[in-house]
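In: Here's a sequence, model it:
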Amino acid sequence: MSREKIVQTWRESEEQVVWQGRFITTKQRGNWEYVSRARNIRAAVILAIDSDNHVLLVEQYRVPLGRPALELPAGLIGDTEGSEGEDALEAANRELGEETGYRAGRMESLGEYFSSPGMVSESFTLLRAHDLTKVGEGGGVDDEDIITHRVALSDLPAFVAAKREEGLAVDVKMLLLLSPYLLRLA
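Out: Take a look at the predicted model:
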């Protein structure tokens, strides 16, 4: 089917909400079934590399996977009542502090990205944290139970391999850091 036909079919189909929870909504439009964030909530993902070339990573249990995952620090923007207009930079610094115990002197937006556009409409803003300062222990809020890892960029491939060996899932956004090593293998 041509792109024009796909777009025409999409425009002629009504979007139907199949189910909606507090944070996600399942939808159907024509033949497509997909998931979106409820209430247009967005996410912020933080690339935090300190002045000694160590990256901050988080490890946390992910219910859909049934196991812990290794990820970049991240969190939702405007997900609590009263914070609907929250700025991505503000949310990123808040999440970085909650999850890792570090604060950024400056946050830089690196753009909006989509993690799995064939199934999920959710986007995330990737932000680079500059001028990091340790301000606390991290670990997340409520029931998150996050483990923070500070890993030398040069040790990253071995660190990720060891975590995989332990049974951790590796989030797709880790490719951002691993791609220079993976591309050398090609």
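
In: Quick check: closest non-adjacent residue to Gly30.
Out: Ser13 (3.8 Å; C-beta to C-beta, 6 or more residues apart in numbering). Heads up, the C-betas are built off the backbone N, CA and C, glycines and all.

In: Could you report the neighbour count for the one you found?
Out: 13 (other C-beta atoms under 10 Å).

In: Need phi/psi at Leu168.
Out: Note on Leu168: backbone dihedrals following degrees, to the nearest 10 are phi -70, psi 150.

In: just Ala162 next, same as before
Out: Torsion angles, degrees, to the nearest 10, at Ala162: phi -70, psi -40.

In: pLDDT score assigned to it?
Out: Turning to Ala162, the model gives it a pLDDT of 98.

In: mind listing what it touches?
Out: Going by C-beta atoms under 8 Å, 6 or more residues apart in numbering, Ala162 touches no other residue.

In: ok, it to Lys27 distance?
Out: According to C-beta to C-beta, to the nearest Å, Ala162 stands 39 Å off from Lys27.

In: Mind telling me what element Arg103 is part of?
Out: Per DSSP states H and E, Arg103 falls inside strand 102-114.

In: what does that strand rub up against?
Out: With contact meaning C-beta under 8 Å, 6+ apart, strand 102-114 is reached by 45-48, 50, 56, 88-89, 92-93, 96-97, 120-135, 138.

In: go again using 7 Å as the cut-off
Out: 48, 56, 88-89, 92-93, 96-97, 123-135 (C-beta atoms under 7 Å, 6 or more residues apart in numbering).
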